[in-house]
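Sequence and predicted structure are below.
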Amino acid sequence: MALKTPEQYEESLRKMNFKIYLMGELVKNWVDNPIIRPSLNSVKMTYALAQKPEYEDLMTATSHLTGKKVNRFTHLHQSTEDLVKKVKMQRLLGQQTASCFQRCVGMDAMNAVDSTTYEMDQKLGTKYHERFINFLKMVQEEDLTVDGAMTDVKGDRSLAPHQQADPDLYVHVVEKNDKGIVVRGAKAHQTGAVNSHWILVMPTVAMGKDDADYAVSFVCPADEKGIFYIYGRQSCDTRKLEGGTIDVGNAQFGGHEALMVFDNVFIPWENVLMCGETEFSGMLVERFAGYHRQSYGGCKVGVGDVLIGAAALAADYNGAAKASHVKDKLIEMTHLNETLFSCGIACSAQGHKTASGTYLIDLLLANVCKQNVTRFPYEICRLAEDIAGGMMVTMASEKDFKNPELGKVLEKYLKGTANVSCEDRARVMRLVENLTLGTAAVGYRTESMHGAGSPQAQRIMIARQGNLEQKKNLAKNIAGIKEEKKA
Ligand code: SF4
Ligand code: FE
């Protein structure tokens, strides 16, 4: 098959056997559920764009394993050009969906697991890489969506996994036998979990010897026996149940996160990719996080493009587009957004080949990229709200607009410029609301802060990668300090 059509993707999800709880109830039809559906549409777009000749170069790649054309989301980066194309693909998808399209976590996890298992096997004589490659061949051939599952729930953050009062606060091995392992625990904030076919689980922190049971990585079907999901709420999500298209802001697309619970799940050995090798958990975390921090220099920029466009439209419809301060704010938003893109491109262009042949981004620049993402989208949101005006949060509902009596009143009093319909003005206001405060704000705003690691995680990496000693030597050289003498 190698490339699934969007329709085949949707059908494949219908055949899954998920156990999903949403607002306290078990969901029977997750594909058509109005709260979940927009997030499925976003992932579907990763299949739809791959079918279009104009996007073939960005959306597809040639598998280094089979020579076949595959979706780029299932590809291992074979060059810095591949890394750059990945970021451009993510910007494109952000522009087309104005939301989180979820499929990147699996791509980032697979790239990180590839190089880590290769190096682990070289050092320890284990056999994980071959298992991973077998899995990857299936993913490429069937064009699967994989959820990369890293973030444990973590309990008391001051304690290591094995020190927690409840041993299940990090996913861990509870049983081992000749057929495989049994795991228990939960992964939080799992992006796109119930739109995925398979899950690739990884440890969440660097670990010491006492945490051996927690240094576990494996793949399993997303609907495996013993796995269930508790679907996360998003701001304004129940507007999707009202049946309209205006008040939701973005009626077609969205993202989702869920709590993924492993209730004694059996994993056969052929699907286990790390089991007790604590010295490699840090490498896996660092590489996955690095790739996902690069990703944000693409996806958030694409969503930022839509938000800048929405703010500019709001200014047009309000009759404020010619005001010099509005023009300047739009310039500032563009400057911030393109700075993020520059970071995404820079860490890709400066990437290098790892021992397995897969290319890794420049980790320092990827962390700088994400650190900027924890700040700039907030400023872009602030400026968008400034330009849009208070109407984006005080406006009457779609039902009021549709009421024969009230509609006339609203048409009269909520009009902006005379040549623009009140409905169009309402639509753009709701889009700004959606991106800054509504369901998409999860993916654009708060995820910019915490997704791919909270800001402090990047600062730790920046400190580690920043090479302060080399900088001191540069300064000594220029200052003429040959050997430091005691005063
Ligand atoms: Fe992809 Fe961005 Fe969503 Fe992460 S936050 S899965 S990079 S769209
Ligand atoms: Fe994310």
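Cool, the structure landed. Ligands and ions are numbered 1, 2, ... in the order given.

How many residues are close by Tyr21?
Using other Cβ atoms under 10 Å, Tyr21 has 15 neighbouring residues. From N, CA and C alone the C-beta is placed, and that goes for glycine too.

Show me what it bridges to in the sheet.
For Tyr21, the beta-bridge partners under DSSP bridges are Leu26, Ile230.

Now look at the helix or strand of the chain with the lowest mean pLDDT and say if it contacts ligand 1.
Averaged element by element with mean pLDDT, DSSP states H and E, the chain has its least confident helix or strand at helix 439-441 (a mean of 91). No: Helix 439-441 does not reach ligand 1 (Cβ under 6 Å from any ligand atom); its nearest approach is 11.0 Å.

what packs against that helix?
In terms of contacts (3 or more Cβ pairs under 8 Å, 6 or more residues apart in numbering; DSSP states H and E), helix 439-441 is packed against helix 422-436.

quick one: contacts for the spatially closest residue to Gly249 that is not a sequence neighbour?
Leaving out its chain neighbours, the residue that sits closest to Gly249 by Cβ to Cβ, 6 or more residues apart in numbering is Asn434, at 2.6 Å. Counting by Cβ atoms under 8 Å, 6 or more residues apart in numbering, Asn434 touches 98, 236, 248-250, 440-441.

After the least confident helix or strand of the chain, which helix or strand is next?
Where DSSP states H and E defines the elements, the next helix or strand beyond helix 439-441 is helix 447-450.

List of residues touching the helix or strand just after that next one?
Next helix or strand after helix 447-450 toward the C-terminus (DSSP H and E): helix 455-465. The contact list for helix 455-465 (Cβ under 8 Å, 6+ apart) reads 286, 289-290, 293, 363-364, 367-368, 370-371, 374, 449.

Most neighbours of all the residues you listed, which one?
Most surrounded of the contacts of helix 455-465: other Cβ under 10 Å gives Lys370, at 32 neighbours.

Kindly format the C-alpha coordinates of stretch 299-314 as PDB.
Only the C-alpha atoms of stretch 299-314 are listed here, as PDB (Å, rounded to 0.1, in the frame of the first residue of the first chain):
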ATOM      1  CA  CYS A 299       3.700  23.600  13.300                       C
ATOM      2  CA  LYS A 300       3.400  26.600  15.600                       C
ATOM      3  CA  VAL A 301       4.600  28.900  12.800                       C
ATOM      4  CA  GLY A 302       1.900  27.600  10.400                       C
ATOM      5  CA  VAL A 303      -0.800  28.200  13.000                       C
ATOM      6  CA  GLY A 304       0.800  31.600  13.700                       C
ATOM      7  CA  ASP A 305       0.300  32.400  10.000                       C
ATOM      8  CA  VAL A 306      -3.400  31.800  10.300                       C
ATOM      9  CA  LEU A 307      -3.600  33.900  13.500                       C
ATOM     10  CA  ILE A 308      -1.800  36.800  11.900                       C
ATOM     11  CA  GLY A 309      -4.100  36.500   8.900                       C
ATOM     12  CA  ALA A 310      -7.100  36.500  11.200                       C
ATOM     13  CA  ALA A 311      -5.900  39.600  13.100                       C
ATOM     14  CA  ALA A 312      -5.300  41.400   9.800                       C
ATOM     15  CA  LEU A 313      -8.800  40.500   8.600                       C
ATOM     16  CA  ALA A 314     -10.300  41.700  11.900                       C
END
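
List, one by one, the residues from this protein near ligand 1.
The chain has residues 100-102, 104-105, 191, 295-296, 299, 443, 447, 451 near ligand 1, with proximity defined as Cβ under 6 Å from any ligand atom.

Throw the residues you listed into TSV and include pLDDT, distance to Tyr229 and neighbour count, thanks.
Converted to TSV, the residues of the chain next to ligand 1 look like this (pLDDT from 0 to 100; distance: Cβ to Cβ, whole Å; neighbours: other Cβ atoms under 10 Å):
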residue	pLDDT	distance to Tyr229	neighbour count
Cys100	97	17	29
Phe101	98	19	32
Gln102	98	14	30
Cys104	98	19	26
Val105	98	15	29
Thr191	97	12	28
Ser295	98	23	26
Tyr296	98	24	26
Cys299	98	23	32
Gly443	92	18	30
Glu447	93	18	23
Gly451	94	18	25
